[in-house]
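Chemist: I would like the atomic coordinates for the input below:
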Amino acid sequence: MLSLSELVRIYVCLAPTDMRKSFDSLAALVQDWLGHDPLSGHLFVFRSRRGDRLKLLWWDRDGLTLYYRRLEEGTFRFPTSNDLQARSIEVSAEELSLVLWGIDLASVKRQKRYTLSNWAALSVYPDDGWLDIDNNEGENSLRGLCLGRRNWLFCGSDRGGRAAAIHFSLLASCKRHGHDPWVYLRDVLTRLPAMLPGASDEELLTLLPHLWKPA
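Modeler: Residues are numbered from 1 along each chain as shown. Next up, the predicted model:
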């Protein structure tokens, strides 16, 4: 309904206003009653005593602009202030838009805003160089599990399931210890025929990813 710059602040006058007032009288009300500069470029909202009419006043580059709106049924439901001495309350452009459509702000349910509610935790990394700006590495490590979960439901047999579990465990261990899985498997599969069947348990243990060293 209205296109306002992000720099424009919106103030709602809490006291009912005579809707016969126009440019000059409303500008004087902004200056004398609300304590603001009517030429500041901010927007000021006034409502009638019955609450079914309102006027918006703001300075638009080269002159004052006045917007007048009346509801055919019902009343505009304005926000209230807990400060009994307050003469105005500041609202956002989104809240003003809801008010202009006759929507009660108290009935609007706000969804959780993840970033704002977790701002303290999300802004720790600039103070500690060891912390990453995101958790992409952790998410990527789970990607293979999530993508392959459905396929792993069907391994053909119990023996196939155990073999698949061993293979995936070896691959994950290689990545954890910084080894290229292809290089590791090629080296181990090349050594095994020469080591078996006489290799001891200690010799076979040296082929595990955390103890393996390239030939």
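Chemist: What residues sit buried inside the helix or strand where Ala165 lies?
Modeler: Taking DSSP states H and E as the criterion, Ala165 maps to helix 158-176. Residues of helix 158-176 classed as buried by neighbour count (16 or more other CB atoms under 10 Å): Leu170, Leu171, Ser173, Cys174. C-betas here are computed from N, CA, C, even on glycine.
Chemist: and Ser5, how many residues sit next to it?
Modeler: By other CB atoms under 10 Å, the residues close to Ser5 number 7.
Chemist: what about it, distance to Gly41?
Modeler: 8 Å (CB to CB, to the nearest Å).
Chemist: what's next to the helix holding Ala165, contact-wise?
Modeler: For helix 158-176, contacts defined as CB atoms under 8 Å, 6 or more residues apart in numbering pick out Trp152, Cys155, Asp180, Pro181, Tyr184, Leu185, Leu208, Pro209, His210.
Chemist: and if you look at stretch 204-215?
Modeler: Contact with stretch 204-215 is made by 170, 173-174, 176-177, 179, 183-184, 187-188, 190-192, 195, as judged by CB under 8 Å, 6+ apart.
Chemist: for stretch 148-156, same thing?
Modeler: Counting by CB under 8 Å, 6+ apart, Gly161, Ala164 sit against stretch 148-156.
Chemist: rewinding a little: out of the contacts of stretch 204-215, which two sit at the greatest distance?
Modeler: Arg176 and Met195 (24.2 Å; CB to CB).
Chemist: and of the contacts of stretch 204-215, the nearest to Ser25?
Modeler: Arg176 (74.7 Å).
Chemist: And the buried ones among the contacts of stretch 204-215, selectable in PyMOL?
Modeler: Filtering the contacts of stretch 204-215 down to the buried ones (16+ other CB under 10 Å) takes a single PyMOL command:
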select buried, resi 170+173+174+179+184+187+188+191
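Chemist: any chance of the contacts of stretch 204-215 in CSV, plus distance to Asn82 and pLDDT?
Modeler: Listed next are those as CSV, based on distance: CB to CB, whole Å; pLDDT from 0 to 100:
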residue, distance to Asn82, pLDDT
Leu170, 64, 89
Ser173, 60, 90
Cys174, 61, 90
Arg176, 55, 87
His177, 60, 90
His179, 63, 92
Val183, 68, 93
Tyr184, 66, 92
Asp187, 72, 92
Val188, 71, 91
Thr190, 77, 91
Arg191, 77, 89
Leu192, 76, 89
Met195, 79, 87
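Chemist: looking at the protein, which helix or strand is least sure?
Modeler: helix 114-117 (a mean of 66; mean pLDDT, DSSP states H and E).
Chemist: if you average pLDDT over the next helix or strand after it, what comes out?
Modeler: The C-terminal neighbour of helix 114-117 among helices and strands, as given by DSSP H and E, is helix 119-122. What helix 119-122 shows for mean pLDDT is 74.
Chemist: Which residues belonging to the helix or strand following helix 119-122 are considered buried?
Modeler: Counting by DSSP H and E, the next helix or strand C-terminal to helix 119-122 is helix 136-148. Residues of helix 136-148 classed as buried: none (neighbour count, 16+ other CB under 10 Å).
Chemist: quick check: angle from helix 136-148 to helix 158-176?
Modeler: Orientation check (axes from the mean of the first three to the mean of the last three CA atoms, to 10 degrees): helix 136-148 against helix 158-176 gives 160 degrees.
Chemist: show me the contacts for His177.
Modeler: Contacts of His177 by CB under 8 Å, 6+ apart are Pro209, His210.
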